[in-house]
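K.L.:
Okay, sequence plus prediction incoming.
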Amino acid sequence: MQPLTLVISLIGSVLVLFLQPAKAFAVYIITLLFYPTFLVLPLGTLNFKAGRIVVLVLLLRCLANTRIRSSFKLSVIDKWFFAGTGVAMIVPFFSYHIPFMQLLASKCGELMDTLLAYLVARFCIRDRFSFVTAMKWIGMAIIPLALLGVVESCTAWMPFVPLRQYCPWDTKALVITDRSGFFRATGPSGHPITFGASFAMFAPLIYCLRHHGGISKNLCYLMTVMAVLGTLSSMSSGPWMLLLVIIVCLVLENYKKWIKPLIIFGVVFLIVVAVISNRPFYHVVATYANPLGGTGWHRARLIDLSIEHFNEWWLMGYGEQDPGWGEELGNSWTDITNQYIANGVMYGIAGVITFVGTLVASLMMIIRCYKTEKEYTAKSIFWALGCMIIGFMIAFNSFTLFAQSGTLFICMLGITASLSSFTLLPHLANGKVLAQRMQFAINNIESMRK
């Protein structure tokens, strides 16, 4: 499969070199969505995935363009994200017990999946017009991918599963499971949770396109429905819960007066539930918020164990070692199904703080931008981004992102930082507002021509 990976990488690289930045970014995202990350091109000690090669070429192109490069303005989201990246890069060199060169190669690959992905999102998506362009392309690409998910769920025909035999680090055959009469679709991502979460991630961002020109509302609705079907095809409670939260948040856009009462009610309700049931509220939630019969008790117990063993992992995590909680979870190994806890056991409390800080900073910037913007079409984008961020903040208690799904989410954080930086330009200085906005527009037009 190495020749195929090379061909896909070359095609993607050529496209991102010659397309305008927003479309080039969409090509990168589509590469992540469609080509499995377990098919790699080994070069020395590094495993080059197709997405890694494409993002490297795209970043070099952005850095070579003075106008694109000069449009970068450091934001609070950037600071939190860069701090988290620093923690993820530095801590393992003190806590992991593997050969230095092997760890260095692993971290170089991780940087390409995280930092480089974030930077190309920051460089390529610089205003709402580039955002809309990219989402149109991604929305169209999601349609056939969602159809594949529906076929996999209904027939158990999974064309990407046999390709796992070419994975250098894990050649075990994937066990195809079913729930409620449907099979759990995995698609190119190789896992039903990450496959479903990827669709849910884009659902609100595609749905908000209905307010923008250049695309019919019916097509927008079709793409949104396909994203929903793709999520459902995973037959996994984590992505389903993520989608449900996103839908509720989207509905609340027309009922904003109910948001504060609902938040107050939710907090009071959780406190009352905890008191009445005489157990932590998350145990109660895990018991009842489990529509597909998954292991909700496992997720609740995992939180208990992370609290009980806090003194063991708070400083630098467990390194590459298993935390040793598997026996108490009914497994031979520890299955971490919580993104916050996963950051803790890998990088210590600093990993948790920087991760939560990035999410909170993103949400705060979105709220600020929504209040600042006057145009409804622009406000709808920030509302969609807010729905996505809130959905993941809640769903991260139920699953972790890895492989291309993690990279996709990082790209969404980069988009959030870019759009918020552009929107909040009026807060710089009154006399420079118009000049700043006009310069951004001129830079975008000239970079598109190139």
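P.N.:
That came in fine, so what should we check first?

K.L.:
only C-alpha atoms for contact and neighbour calcs from this point on.
P.N.:
Fine.

K.L.:
Now do the strands in the chain.
P.N.:
Ranges of strands in the chain, per DSSP state E, are 40-43, 46-49, 178-179, 182-183.

K.L.:
Give me the residues contacting the last one.
P.N.:
For strand 182-183, the surrounding residues in contact (C-alpha atoms under 8 Å, 6 or more residues apart in numbering) are Glu152, Ser153, Cys154, Thr155, Ala156, Ile176, Thr177, Ser233, Ser234, Met235.

K.L.:
Burial check on Phe265, number of neighbours?
P.N.:
12 (other C-alpha atoms under 10 Å).

K.L.:
Likewise for Leu33?
P.N.:
Neighbourhood size, Leu33 [other C-alpha under 10 Å]: 24.

K.L.:
now swap in Lys136 and tell me
P.N.:
21.

K.L.:
swap in the one 5 residues further on?
P.N.:
Residues within reach of Ala141, counting by other C-alpha under 10 Å, total 18.

K.L.:
quick one: it and Thr31 touch, right?
P.N.:
No - Ala141 lies out of contact with Thr31 (C-alpha atoms under 8 Å); the separation is 10.1 Å.

K.L.:
Now do the closest residue to Leu250 other than its chain neighbours against Val248, distance only.
P.N.:
Nearest non-adjacent residue to Leu250, counting by C-alpha to C-alpha, 6 or more residues apart in numbering: Cys387, 6.5 Å away. For Cys387, the distance to Val248 (C-alpha to C-alpha, to the nearest Å) stands at 9 Å.

K.L.:
between these two, which one's more packed in?
P.N.:
Legend: neighbour count by other C-alpha under 10 Å for Cys387 and Val248, higher for Cys387 (28 against 12).

K.L.:
And that one, how close does it get to Val245?
P.N.:
For Cys387, the distance to Val245 - C-alpha to C-alpha - is 8 Å.

K.L.:
How about Lys260?
P.N.:
For Lys260, the distance to Val245 - C-alpha to C-alpha - is 16 Å.

K.L.:
more crowded one of the two?
P.N.:
Val245 (18 against 10).

K.L.:
pretty sure that one is in contact with Gly386, am I right?
P.N.:
No - using C-alpha under 8 Å as the test, Val245 is too far from Gly386 to be in contact (11.2 Å).

K.L.:
Common neighbours of these two, please.
P.N.:
Common contact partners of Val245 and Gly386 (C-alpha under 8 Å, 6+ apart): none.

K.L.:
how about the nearest residue in space to Lys379 that is not next to it in sequence, what does it touch?
P.N.:
Spatially, and ignoring its direct neighbours in sequence, Lys379 is nearest to Tyr370 (5.3 Å; C-alpha to C-alpha, 6+ apart). Contacts for Tyr370 (C-alpha under 8 Å, 6+ apart) come out as Lys379, Phe382, Trp383.

K.L.:
sorry, back to before: redo the contacts of strand 182-183 as JSON lines? Include neighbour count, pLDDT and distance to Thr5.
P.N.:
Putting the contacts of strand 182-183 into JSON lines (neighbours: other C-alpha atoms under 10 Å; pLDDT from 0 to 100; distance: C-alpha to C-alpha, whole Å) gives the following:
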{"residue": "Glu152", "neighbour count": "21", "pLDDT": "94", "distance to Thr5": "23"}
{"residue": "Ser153", "neighbour count": "26", "pLDDT": "94", "distance to Thr5": "26"}
{"residue": "Cys154", "neighbour count": "16", "pLDDT": "94", "distance to Thr5": "29"}
{"residue": "Thr155", "neighbour count": "12", "pLDDT": "93", "distance to Thr5": "27"}
{"residue": "Ala156", "neighbour count": "18", "pLDDT": "89", "distance to Thr5": "25"}
{"residue": "Ile176", "neighbour count": "15", "pLDDT": "76", "distance to Thr5": "25"}
{"residue": "Thr177", "neighbour count": "14", "pLDDT": "79", "distance to Thr5": "28"}
{"residue": "Ser233", "neighbour count": "30", "pLDDT": "95", "distance to Thr5": "27"}
{"residue": "Ser234", "neighbour count": "31", "pLDDT": "93", "distance to Thr5": "26"}
{"residue": "Met235", "neighbour count": "26", "pLDDT": "92", "distance to Thr5": "29"}
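
K.L.:
closest to Thr354 among these?
P.N.:
Ser234 (29.9 Å; C-alpha to C-alpha).

K.L.:
how far away is that closest one from Val245?
P.N.:
17 Å.

K.L.:
Same question for Trp314.
P.N.:
Following C-alpha to C-alpha, the distance that separates Trp314 from Val245 is 30 Å.

K.L.:
Same question for Phe422.
P.N.:
Using C-alpha to C-alpha, we find Phe422 at a distance of 28 Å from Val245.

K.L.:
With Thr5 instead?
P.N.:
To Val245, Thr5 is 36 Å away according to C-alpha to C-alpha.

K.L.:
Also Ser9?
P.N.:
Ser9 sits 36 Å away from Val245, taking C-alpha to C-alpha as the criterion.

K.L.:
now Gln2
P.N.:
40 Å.

K.L.:
Same question for Thr287.
P.N.:
The gap separating Thr287 from Val245 is 18 Å, by C-alpha to C-alpha.

K.L.:
Same question for Ser216.
P.N.:
Ser216 is 26 Å from Val245, by C-alpha to C-alpha.

K.L.:
again with Pro3
P.N.:
42 Å.

K.L.:
give the contact list for the residue lying closest to Val245 once chain neighbours are set aside.
P.N.:
When the adjacent residues along the chain are set aside, Val245 lies closest to Gly391, with 5.3 Å between them (C-alpha to C-alpha, 6+ apart). By C-alpha under 8 Å, 6+ apart, the residues touching Gly391 are Leu242, Leu243, Val245, Ile246.
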